[in-house]
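[1] I'll drop the sequence and a predicted model, then ask my questions.
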Amino acid sequence: MSATNRQIRLAARPVGEVKADDWEHRSEPVEEPGLGCFVGRTRMISLDPAMRGWLDDRPSYLPPVGIGEVMRAGSVIEVTASQHPEYRPGDQVVGTFGVQEYVVSDGKGAVKIDTSLAPPSTYLGALGMPGMTAYFGLLDVGALKEGETVVVSGAAGAVGTMVGQIAKAKGCRVVGIAGGPDKCALLTDELGFDAAIDYRAEDVRKALRREAPDGIDVYFDNVGGDILDAALTRLAMHARVVVCGAISQYNNETPVKGPSNYLTLLVRRARMEGFVVFDYAKQYARAAQEISAWIEDGRIKVKEHVVRGTVDDFPETLQMLFRGENVGKLVLELA
């Protein structure tokens, strides 16, 4: 095989915002697959806020990406050559294959997908990690009940759009917090949220009093910081706060800002719980079946932000997440 494999590797630990020289762009020959392995060409790469945390050398739910290692990422690949009994050329496969043009895999952690049922990008979004995160975070950790009021921050992102729509499918009132009038209009006009709060244009605490007058039953937190503090002031009795992420804090050069209003948890007899979606891996098939049914009957509309380019466009595309430029699931589709 004469093809060249372009890769993005971590060159240095970022301090604050990730910079261009934190990455190494490398080319290597594509290996032939050994017995029990296959080679695939990358079609789509998933970009997720969690990637920023993977770059820091500190304890977390996954080991940090090592200096000199190919950047970790979920992706969809198309098998081009195989000596694996379960994979044939032309198969579409999703897995954590990294930011590179070609992949050699023994099949561990790989899952074949059916692109006649959904586009490849959807297996990285609504039927992938963001969809699973929204489903289990809201229904299992958040213990959602019909008729409750749900507030989700980062509501126009990959997870947030799914959280709001799943809550609506379960018969709840949903309030989304997002940045800018266009995103807020998308939430209410297209995705069926009951209300949207533009954190850039209004006082979030006052807006929550208006949109959740009886309190918040489930707060799904994707951003942390000041918005988390505001939501804590509006908790209903026995509320649940689901800690999914804190994108407002990921590029901090100072310690992460903790919640100052946490005593509301005591007063309201509420609980605040973090989770990692990988803990639910054995239940993904069940969740995917229900999400697929909601997509089919129109209760969930898939929102994807697809950037077309090359592997070398990964570093700049990743920054879109932290500038709030994406709507829905951000995917880099390779030419």
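    Structure received.
[2] hey, let's count contacts and neighbours off CA atoms from now on
    Fine.
[3] what's the least confident helix or strand in the chain by mean pLDDT in contact with?
    Using mean pLDDT, DSSP states H and E, the weakest-scoring helix or strand in the chain turns out to be helix 50-54, at a mean of 93. Residues from elsewhere that reach helix 50-54 (Cα atoms under 8 Å, 6 or more residues apart in numbering): Val18, Leu62, Pro63, Pro64, Val65, Arg72, Ala73, Gly245, Tyr250, Asn251.
[4] then stretch 320-335?
    42-49, 121, 124-125, 130, 156-161, 179, 183, 247, 302-311, 314, 317.
[5] which parts of the stretch 1-150 of the chain are helices?
    50-54, 129-136 (DSSP state H, counting those that start in this stretch).
[6] tell me the most buried of these?
    Burial of the helices of the stretch 1-150 of the chain is given as mean neighbour count (mean count of other Cα atoms under 10 Å); helix 129-136 ranks first at a mean of 24.
[7] average pLDDT for that one?
    The average pLDDT within helix 129-136 is 97.
[8] show the model's pLDDT score for Gly258.
    At Gly258, the pLDDT recorded in the model is 80.
[9] what sits against it?
    Gly225.
[10] any idea how far it is from Val223?
    12 Å (Cα to Cα, to the nearest Å).
[11] what's the answer for Leu139, then?
    From Leu139 to Val223 the distance is 19 Å (Cα to Cα).
[12] Pro89 now?
    41 Å.
[13] quick one, what contacts Lys303?
    Per Cα under 8 Å, 6+ apart, neighbours of Lys303: Ala158, Thr161, Val327, Gly328, Lys329.
[14] and the fourth one, how far is that from Ile197?
    Spelled out, it's Gly328. Applying Cα to Cα to Gly328 and Ile197 gives a distance of 17 Å.
[15] what of the last one?
    With distances taken as Cα to Cα, Lys329 is found 20 Å from Ile197.
[16] now the third one
    When Cα to Cα is the yardstick, Val327 and Ile197 sit 16 Å from each other.
[17] more crowded one of these two?
    Ile197 (26 against 22; other Cα atoms under 10 Å).
[18] my read: Gly125 touches Ala158, true?
    Yes. Under the criterion of Cα atoms under 8 Å, Gly125 makes contact with Ala158 at 6.7 Å.
[19] residues in contact with both of those two, list them for me.
    Gly131, Glu304, Lys329.
[20] not counting sequence-adjacent ones, nearest residue to Thr195?
    Slight slip there: residue 195 is Ala, not Thr. Val175 (4.8 Å; Cα to Cα, 6 or more residues apart in numbering).
[21] quick one, phi psi at the one you found?
    According to degrees, to the nearest 10, the main-chain angles of Val175 amount to phi -120, psi 130.
[22] list the contacts of it.
    Here Val175 is in contact with Thr149, Val150, Val151, Val152, Gly164, Phe193, Asp194, Ala195, Ala196, Ile197, Glu211, Ala212 (Cα under 8 Å, 6+ apart).
[23] and Val18, how many neighbours?
    Neighbour number of Val18 under other Cα under 10 Å is 19.
[24] can you check Arg323 too?
    8.
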